[in-house]
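Novice: attaching a predicted model along with its sequence, questions to come.
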Amino acid sequence: MTQLASADKKKRANTAKPTAMKSLEVEGHEATVGKVFTDNPKMTMRNVNVYYDDKQAIHDVSIDIAKNEVIAMIGPSGCGKSTFLRSLNRMNDTVDICRVEGDILMDGENLYAPKLDVVELRARVGMVFQKPNPFPKSIYENVAYGPKIHGLADTRVDLDEIVENSLRKASLWEEVKERLHQGGTGLSGGQQQRLCIARAIAVSPEVILMDEPCSALDPIATAKIEELIEELSENFTIAIVTHSMQQAARVSHRTAYFHLGKLIEVNPTEQVFTMPEHPLTEAYITGRFG
Amino acid sequence: MQATNILILILGLGVLAFFLGRGRSLALAKPLGGIRQLHSLPSYYGMHAALWCALPSLFLLCVWMLFDDSLINRLVLDSVAAEIAPNDTASYNLLINKISNLADGILPRKGESAALVAAADHLVSLRIISSWSLTAVLLTLSSLGLLWGWSRISASFRARPVVEKVMQNILLGCACLAIFTTLGIVLSVLFESIQFFRSVPIFDFVFGLEWSPQTAIREDQVGSSGSFGAVPLFVGTLLVSAVAMVVAVPVGLMSAIYLAEYASKTVRTYAKPALEILAGIPTVVYGFFAALTVAPFLRDLGASFGLSVSSESALAAGGVMGVMIIPFISSLADDVITAVPQSMRDGSLAMGATKSETVRRVIIPAALPGIVGGVMLAISRAIGETMIVVMAAGMAAKLTANPLESVTTVTVQIVTLLTGDQEFDSPKTLAAFALGLMLFTVTLLLNIFALHIVKKYREQYD
């Protein structure tokens, strides 16, 4: 009798998808599953909570980012992955109502310590945004912006060298070397985004945060940026938020899945996309919601 | 019947036509199976009938009002007795005024000549005829229009495009009205100026270094023949405007930066309207503030430093004008600074720039074209400003670049030339039009320049 009833229940859960999904969400998660921590962490986050006013956007997230790895953060819209990324270089400070709790450390140093210099932090943790946002200045001035405000170049020759190296690393040099002093806004979308990457790496950061860097670009420009991310990972630690699971699969070493402000699963990328541990992750990557 | 009453009547008929037209279309639709069987919505049929009813009559009313008076006057004058018939324009106007005053009962009829009284009676009767025939014609026209508009309604009649077209033309007409008014003002100023340049060579006016517009009215009067060199006036205007901009641009710009970038939401909600109250103070109040408070203060302050400051100085007028312009610049600059995309700020902050570095190196350069446009508009406002300088800058046309001295401006001179009793065809009064024309040209050029810059800026982010 009871067996029958439970079998019946199971059947219903299988056939009625919305109910099944709902039950998944209600079950929630207790702790992040997978390989969350690493032996050589560049950044360590422990019990991070982020609030907008009294609304909690990030719930108790703990994760390590290893040196020179590319970690992708995926998840449905509004799951807090961008918010989390922005708290790694304290860009959330610019939002008045935003409050960050918990420990975020880089090389063992607490980023939210009162005496920490935000200017210095942001020089060490660069950021590339969703929409290419070159300043309305020349290409040269765009790249030279960071080195100038941080006093990285004593002479014009030094500065020229930094600009050239950054543009080369962003594989943009060949395309723009003839028109360094023309406006950066005149470039194509993909070139603009690579200019923004060049701008970010001009101050030699240790970590680069990328917030959906390809979402405004066409497939060819996207392919170039992805290629670039792979090259950059030799020298930099990269955290990338993306909406495209293919992109996460292509560029990242590890993938973190966020759901409703919670970190559900962190695992090597290959594993996440072939054998996810958590049912929510599986539901997302198989396209049951997104 | 009076024109206003006719107007109300026509509009009333129009409303009636609307409901009749709508009712007819609804009645037509019912047997066909609802309004979806009609080509247009019922209100379009109503509008169609209303437009046919009101528009032709309104048009005729306007034309009638334009030509009514001159036609009646002509008829009256043709009929007056030969002994009082006018022989030139001046006496013509005088006679018309007199007859019309007699007819209206403003002047007593006693003691006037029989011919005049007869003319006045004739005028009265003509006016009555005109008024009644106007009423009759318009009512007939409206009714015919109503009938025509109403009778054309059928299920397949395309009322919507017709109404849309008429509406579009009405809007066009309104736009043209504003343009033609501007054109009319420009042309009238232009013609008076041309008349002025007949007596004073244009070269002397534009490049002359001496301004003293007093001309002898009678032959035997002692006095200069007047000299009309506009340079001292324009130098005065530029001096006062320059002082105003020196005050307004930095203060306005910095307050805009503070409000847009630094101020918390609470401060902004109170500070912004408070700043804009400045813009609501009438210029005449600024004027006596400048003349009675600031100018004496500056004079005393100058005296304590051993400087001789005139009690009506360019500094006082320009300074107060600058304060007046602050909200103008700050609200325009605030707009363009807030229009700089947030992504620019994020980009700069993420590079590790401080807030002030971001403002200086990214936001101001990005907003610069818009800011320059705003400053240009403010300059043309300063140049055209009248009340403050009339009260605080002085009357003497001095060619000086010293802001401590009293100077006069173009607008002040226009005011003094045109106030009080004077002949209207002397170079002295006509000079006001020439000055106005030059002022207009200068501000127009500045405005075009400013709009051009603002437009260029708009293209940058879209």
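Specialist: Good, I have the coordinates. Residues are numbered from 1 along each chain as shown, chains lettered A, B, ... in the order given.
Novice: get me the contact residues on the stretch 101-250 of chain A for chain B.
Specialist: A:118-123, A:126-127, A:129, A:131, A:133-137, A:145-146, A:149-150, A:185, A:196, A:199-200, A:203 (CB under 8 Å from any CB of the partner chain). Using the backbone N, CA and C atoms, a C-beta is placed for each residue, glycine as well.
Novice: one more time with 7 Å, if that's ok
Specialist: By CB under 7 Å from any CB of the partner chain, the residues of the stretch 101-250 of chain A that approach chain B are A:119-120, A:122-123, A:126-127, A:129, A:131, A:133, A:135-137, A:145-146, A:149-150, A:199, A:203.
Novice: give me the subset of those residues that lies in strands.
Specialist: Under the assignment DSSP state E, these contribute A:Gly126, A:Met127 to strands.
Novice: now the residues of the stretch 101-250 of chain A next to chain B: which count as buried?
Specialist: Buried by 16 or more other CB atoms under 10 Å in any protein chain shown: A:122-123, A:126-127, A:129, A:131, A:133, A:135-137, A:145-146, A:149-150, A:199, A:203, out of these.
Novice: from the residues you listed, pick the one nearest B:Gly173.
Specialist: B:Gly173 has its nearest neighbour among those in A:Pro136, at 41.8 Å by CB to CB.
Novice: next, count neighbours for the residue of the stretch 351-462 of chain B found nearest chain A.
Specialist: Nearest to chain A in the stretch 351-462 of chain B, going by CB to the nearest CB, is B:Gly352, at a distance of 3.8 Å. Neighbours of B:Gly352 under the rule other CB atoms under 10 Å in any protein chain shown: 24.
Novice: with A:Arg99 instead?
Specialist: Here the number of neighbours of A:Arg99 (other CB under 10 Å) works out to 15.
Novice: am I right that it sits in a strand?
Specialist: Yes: A:Arg99 forms part of a strand when assessed by DSSP: H, G, I helix; E, B strand; the rest coil.
Novice: quick one, what contacts it?
Specialist: By CB atoms under 7 Å, 6 or more residues apart in numbering or on different chains, the residues touching A:Arg99 are A:Tyr51.
Novice: state which helix of chain B is the longest.
Specialist: Taking DSSP state H as the criterion, chain B has its longest helix at helix B:159-199.
Novice: tell me what that one is packed against?
Specialist: Packing partners of helix B:159-199 (3 or more CB pairs under 7 Å, 6 or more residues apart in numbering or on different chains; DSSP states H and E): helix B:42-79, helix B:427-461.
Novice: average pLDDT for the first one?
Specialist: With pLDDT averaged residue by residue, helix B:42-79 scores 88.
Novice: can you pull the residues of chain B lying near chain A?
Specialist: For chain B, the contact set with chain A under CB under 7 Å from any CB comprises B:343-344, B:346-347, B:349-354, B:357, B:362, B:365-366, B:460.
Novice: in stretch B:24-31, which residues are buried?
Specialist: By 16+ other CB under 10 Å, the buried positions in stretch B:24-31 come out as B:Arg24, B:Ser25, B:Leu28, B:Ala29.
Novice: then stretch B:429-445?
Specialist: The neighbour-count check on stretch B:429-445 (16+ other CB under 10 Å) flags B:429-440, B:442-443 as buried.
Novice: on that earlier part again, give me the angle between the longest helix of chain B and helix B:427-461.
Specialist: For helix B:159-199 against helix B:427-461, the angle by axes from the mean of the first three to the mean of the last three CA atoms, to 10 degrees is 140 degrees.
Novice: I'd like the distance from helix B:159-199 to the chain centre, please.
Specialist: 13 Å (CA atoms, centre = their mean, to the nearest Å).
Novice: count the neighbours of the residue of the stretch 1-150 of chain B found nearest chain A for me.
Specialist: Proximity of the stretch 1-150 of chain B to chain A (CB to the nearest CB) peaks at B:Arg36, 38.0 Å away. Counted with other CB under 10 Å, residues neighbouring B:Arg36 total 8.
Novice: just A:Leu263 next, same as before
Specialist: Residues near A:Leu263, counting by other CB under 10 Å: 29.
Novice: on the three-state scheme, it is what?
Specialist: Per three-state DSSP, the local secondary structure of A:Leu263 is strand.
Novice: quick one: it and A:Ile63 touch, right?
Specialist: Yes: taking CB atoms under 7 Å as the definition, A:Leu263 is a contact partner of A:Ile63 at 6.1 Å.
Novice: overlap in contacts, the two.
Specialist: Applying CB under 7 Å, 6+ apart, one finds that A:Leu263 and A:Ile63 are jointly contacted by A:Ala256.
Novice: what segments of chain B are strands?
Specialist: Taking DSSP E as the criterion, chain B carries its strands at B:211-212, B:227-228.
Novice: partners of the first one in the sheet?
Specialist: What it means is strand B:211-212. strand B:227-228 (antiparallel) (DSSP bridges).
Novice: contacts for the partner strand next, please.
Specialist: Counting by CB under 7 Å, 6+ apart, B:Val200, B:Asp204, B:Phe205, B:Gly208, B:Glu210, B:Trp211, B:Ser212, B:Pro213, B:Pro427, B:Ala431 sit against strand B:227-228.
Novice: which residue ranges form the strands in the stretch 101-250 of chain A?
Specialist: With DSSP state E, counting those that start in this stretch as the criterion, the stretch 101-250 of chain A has strands at A:109-110, A:125-128, A:207-211, A:237-241.
Novice: B:Glu112: which of those is closest?
Specialist: If we rank those by CB to CB, the stretch that ends up nearest is strand A:207-211, at 92.0 Å.
Novice: run the angle between the closest one and strand A:98-106 for me.
Specialist: Per the same axes, to 10 degrees, the angle that strand A:207-211 makes with strand A:98-106 is 140 degrees.
Novice: return strand A:207-211 as CSV; C-alpha atoms alone will do.
Specialist: Extracted in CSV, the C-alpha atoms of strand A:207-211 (Å, rounded to 0.1, in the frame of the first residue of the first chain):
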residue,chain,number,x,y,z
VAL,A,207,44.1,38.7,-10.9
ILE,A,208,41.8,39.7,-13.8
LEU,A,209,38.0,39.6,-13.2
MET,A,210,35.9,39.4,-16.4
ASP,A,211,32.2,40.1,-16.1
